[in-house]
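> Predicted model and sequence follow; I will ask about them next.
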Amino acid sequence: MVRRRRDLIAYLDTFEAGLSSLTAVLMIVLSAFVTYQVFARYVLRRSPFWVEELSVIAMMWIGLLGAAGCVWTDSHMSMEFIRAKLPPVVRAWLRFCTDLILTAFAGLLGYYGIALVRMLRTATLATLAISRGHTYFVVPVAGFLMAFFGLVRAFTRLVTFYHQRGGKTDA
């Protein structure tokens, strides 16, 4: 059981590293788009029409995929100064409950993201011939990734905490 849990954690660490790499590549592409648009507007005096929409799409993908990665790496915002003052058992359960709440909200993001993609699948972007549904596809993907990462993180933390303490529940 412990080996399977370690294998899952190792797989998800590798997956998150790939996700972070994809996000980094998207950030480089976004920087190139914006640089090109500024150059074209002020030097060439002719701004390309497609750069702004692609930049907005790239920012959305960067933000949501980056948020999913932050859930796994536990690098999202939290009030650690409050949690640090609590007894270890309370801290472990608080983290567990926080991860479950995050999982619930991320699951809703994924669920309603699917509805958004379905609703916008026939609409196209104003300047590009791309379906709006395709551009918003990252919403359910990131939502379900965050929910899965949060759920695995919640139970892994709790099991690890009690395993390290030898099953003791005293503070």
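Cool, got the structure. Note that the structure is predicted; figures quoted are calculated from it, not measured. Residues are numbered from 1 along each chain as shown.

> just checking, what's the longest helix in this structure?
Counting residues, the longest helix found in the chain (DSSP state H) is helix 2-42.

> other SSEs contacting the worst-scoring helix or strand of the chain on mean pLDDT?
Least confident helix or strand of the chain, by mean pLDDT, DSSP states H and E, is helix 80-83 with a mean of 78. In terms of contacts (3 or more Cβ pairs under 8 Å, 6 or more residues apart in numbering; DSSP states H and E), helix 80-83 is packed against helix 88-120. The C-beta positions use only the backbone N, C-alpha and C, and glycine is treated the same way.

> and the helix it packs on, which residues are buried?
91-92, 95-96, 98-99, 102-103, 106-107, 109-110, 113-114, 116-117, 120 (16 or more other Cβ atoms under 10 Å).

> same check, this time on stretch 14-31
In stretch 14-31, counting by 16+ other Cβ under 10 Å, buried: Glu16, Leu19, Ser20, Thr23, Leu26, Leu30.

> Closest one to Met79 out of the residues you listed, please.
Nearest to Met79, judged by Cβ to Cβ, of the buried residues of stretch 14-31 is Glu16 at 23.2 Å.

> re the thing from before, out of the buried residues of stretch 14-31, which is nearest to Arg45?
Of the buried residues of stretch 14-31, the one sitting nearest to Arg45 (Cβ to Cβ) turns out to be Leu30, at 23.2 Å.

> Quick one: residues contacting that closest one.
By Cβ atoms under 8 Å, 6 or more residues apart in numbering, the residues touching Leu30 are Ser55, Ala58, Met59, Ile62.

> just the buried members of those?
Looks like those have Ser55, Ala58, Ile62 buried, using 16+ other Cβ under 10 Å.

> The helix or strand where Phe149 lies versus helix 88-120: what angle between them?
Assessed by DSSP states H and E, Phe149 sits inside helix 138-164. Helix 138-164 and helix 88-120 are oriented at 160 degrees to each other (axes from the mean of the first three to the mean of the last three Cα atoms, to 10 degrees).

> helices or strands next to helix 138-164 in the packing?
helix 2-42, helix 51-73, helix 88-120.

> Would you mind giving those as CSV with distance to Gly143 added?
Formatted as CSV, the helices and strands packed on helix 138-164 follow (distance: least, Cβ to Cβ, whole Å):
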stretch, distance to Gly143
helix 2-42, 14
helix 51-73, 8
helix 88-120, 3
